[in-house]
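[1] Here is the input, now give the coordinates:
(one chain, ligands or ions: 1)
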Amino acid sequence: MTDFGIKEALAELGLKDINNGTSTGSNNFSNGEIIESFSPVDGKLIGKVVTSTREDYEKVMEAATKAFLSFRNMPAPQRGEIVRQFGNKLREKEALGKLVSYEMGKSYQEGLGEVQEMIDICDFAVGLSRQLNGQTIPSERPGHVMREQWHPIGVVGIISAFNFPVAVWAWNTALAWICGDVCVWKASEKAPLCSVACQNIIAEILKDNNLPEGISCIINGDYKVGEMMTTDTRIPLVSATGSTRMGRIVGATVAQRFGKSLLELGGNNAIIITPTADLKVVVPGAVFGAVGTCGQRCTSTRRLIIHESVYDKVRDAIVGAYGQIKIGNPLDETKHVGPLIDHDAVNTYLAAIEKAKAEGGNVLVEGGVLEGEGYESGCYVKPAIIEAENHFEIVQHETFAPILYLMKYSGEVENAIEKQNGVAQGLSSAIMTNEMKEAEKFLSYAGSDCGIANVNIGTSGAEIGGAFGGEKETGGGRESGSDAWKVYMRRQTNTVNYSDELPLAQGIKFDL
Ligand code: UN1
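    So this is what the prediction gives:
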């Protein structure tokens, strides 16, 4: 059977010896235990990574803090030039897309899409490197001027999840670097080789430019390694992507020491389907949203809230489309859906289906684990559709798997918006409608309470140009586009007196 060029891809990414048991450490400092990375695609061992001990972490932090002192002196457009070179390197990196697909299990197209997101954010950051503008502010005092400056914040800690093992890191680093920060990255222990591959690419660029490797560091391990960062006062900003459970701990720990955290946590994303919705748009939007990345995006579509007048038609169209979905090796481009990340994820998926049934859910498309040739890893599951009520405990909960809940609404769009907002998470949302008033209501202050609200597209697949993140239990952080860069900098307000007097603000008199 073809290995879809995996061996060549690993070699190209500098991971070639890993299959022989040679391990790759973070910045070559690691001395801890070994993490083995098994592919959910075929269950095979891809490679091993050494975790970071406390001593390793200290060495990494020493390198990072030292690198920051010189990197912050480099003019921002020159830092942009480094990011430009990184983006250019990524343009040659189909191998990285392949590794993402093989280590994480998403389709090769989506693996390439992730690399494209990295390229896009690099381009965005290069432009921004000449636009880290502050404001000038009129002073109330004669002969005075006020202005605002944005300075690099320092070492940025990045904790990323397995589902976007490279793009989310790039969203953070590309911006952090042009802002003059250096980064320490703890990738998910479920996709550690992706982080080593990225580190290999950027390390080469830093070397070619005679810059210290400490500008980009990786550390490996589980939550205990993450904890070294969250408790470390040398890290003014921790950006964390993952579960709400993890974010609650990270946010509290970082706040305890008055650090900043940027949290991008769970979603429970819904599409409202109104009577005028166009099925040509609804079906691919909902199906890709629900089964793309095997339902393991923060933005995956979990709920369809369908007007009762079109419910049967929409339900039948979606159920029909599920019949066309091909599940299998994600590197095989004829397949739409690959495996879940591991057996734990499979068990969580199975338990969620059982729970939905126990709560009164009506299964329209049966789930289940696939067996037989091509499914030996035990991680391939069937995307399921269940009719459910919004208040079911399981519906209120984010299950990182391809389970789609269908529910009805009646009357006006406000009733659908109430259901859509009636969950603890607030990441992404969408409405399918050709009624301008419904769309505008959905986008208004009385509409969707999510960080992302779309009209006539699905809930996933955001472009990098907009700020990405959400409200409520999603954590409130914003990454990627718009003015998300500001979180990676510290703001300084300056007042300069160029007069010969010293008038006080608010007209206070203080005569000596
Ligand atoms: C995530 O799932 O953590 O909007 C990120 C999307 C992608 C990013 C998802 N551009 O679906």
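[2] pretty sure residue 467 contacts residue 451?
    Yes. If you go by CB atoms under 8 Å, residue 467 and residue 451 touch, sitting 7.4 Å apart. Every C-beta, even on glycine, is put in place using the N, C-alpha and C of the backbone.
[3] so what sits against both of the two?
    Common contacts of residue 467 and residue 451 (CB atoms under 8 Å, 6 or more residues apart in numbering): residue 478.
[4] what about the two, which has more around it?
    A direct count of neighbours by other CB atoms under 10 Å for residue 467 and residue 451 places residue 451 higher, at 24 against 17.
[5] Tell me which residues touch that one, please.
    Per CB under 8 Å, 6+ apart, neighbours of residue 451: 426-428, 467-471, 474, 478.
[6] CA atoms only: put stretch 470-489 into PDB for me.
    C-alpha atoms of stretch 470-489 as PDB (Å, rounded to 0.1, in the frame of the first residue of the first chain):
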ATOM      1  CA  GLY A 470     -15.300  34.300  21.200                       C
ATOM      2  CA  GLU A 471     -17.100  35.300  24.300                       C
ATOM      3  CA  LYS A 472     -18.400  33.500  27.500                       C
ATOM      4  CA  GLU A 473     -16.700  30.100  28.100                       C
ATOM      5  CA  THR A 474     -14.800  30.600  24.800                       C
ATOM      6  CA  GLY A 475     -12.500  32.800  26.900                       C
ATOM      7  CA  GLY A 476     -12.800  36.300  25.300                       C
ATOM      8  CA  GLY A 477      -9.400  36.300  23.600                       C
ATOM      9  CA  ARG A 478      -8.900  37.500  20.000                       C
ATOM     10  CA  GLU A 479      -6.100  36.100  17.800                       C
ATOM     11  CA  SER A 480      -5.100  36.500  14.200                       C
ATOM     12  CA  GLY A 481      -6.300  39.600  12.200                       C
ATOM     13  CA  SER A 482      -7.800  43.000  12.800                       C
ATOM     14  CA  ASP A 483      -6.100  44.600  15.800                       C
ATOM     15  CA  ALA A 484      -5.400  41.400  17.700                       C
ATOM     16  CA  TRP A 485      -1.700  42.400  17.500                       C
ATOM     17  CA  LYS A 486      -2.200  44.800  20.400                       C
ATOM     18  CA  VAL A 487      -2.300  42.000  23.000                       C
ATOM     19  CA  TYR A 488       1.300  41.100  22.100                       C
ATOM     20  CA  MET A 489       2.500  44.600  23.000                       C
END
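[7] Buried residues of it, list them for me.
    470, 472-481, 484-485, 487-489 (16 or more other CB atoms under 10 Å).
[8] And stretch 488-497, by the same measure?
    Those would be 488-490, for stretch 488-497 by 16+ other CB under 10 Å.
[9] what's residue 134 sitting at in phi/psi?
    phi -100, psi -180 (degrees, to the nearest 10).
[10] go on, the one 10 residues further on?
    Note on residue 144: backbone dihedrals following degrees, to the nearest 10 are phi -120, psi 150.
[11] which ones are touching the closest residue to it other than its chain neighbours?
    Nearest residue to residue 144, sequence neighbours excluded (CB to CB, 6 or more residues apart in numbering): residue 497, at 5.2 Å. Contacts here follow CB under 8 Å, 6+ apart; on that basis residue 497 touches 141, 143-144.
[12] picking that back up, need the buried residues of stretch 488-497 in JSON lines with pLDDT, can you?
    Output for these, formatted as JSON lines (pLDDT from 0 to 100):
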{"residue": "488", "pLDDT": "98"}
{"residue": "489", "pLDDT": "98"}
{"residue": "490", "pLDDT": "98"}
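[13] Would you mind giving those as JSON lines with distance to the ligand added?
    Putting these into JSON lines (distance: CB to the nearest ligand atom, whole Å) gives the following:
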{"residue": "488", "distance to the ligand": "18"}
{"residue": "489", "distance to the ligand": "23"}
{"residue": "490", "distance to the ligand": "26"}
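[14] What parts of the stretch 101-250 of the chain come near the ligand?
    Within the stretch 101-250 of the chain, the positions adjacent to the ligand are 117, 163-164, 168, 241 by CB under 6 Å from any ligand atom.
[15] thought residue 274 was touching residue 309?
    No. The pair residue 274 / residue 309 is not scored as a contact, 9.3 Å apart, by CB under 8 Å.
[16] In terms of neighbours, single out the busier of these two.
    The residue with more neighbours, out of residue 274 and residue 309, is residue 274; 23 against 11, by other CB under 10 Å.
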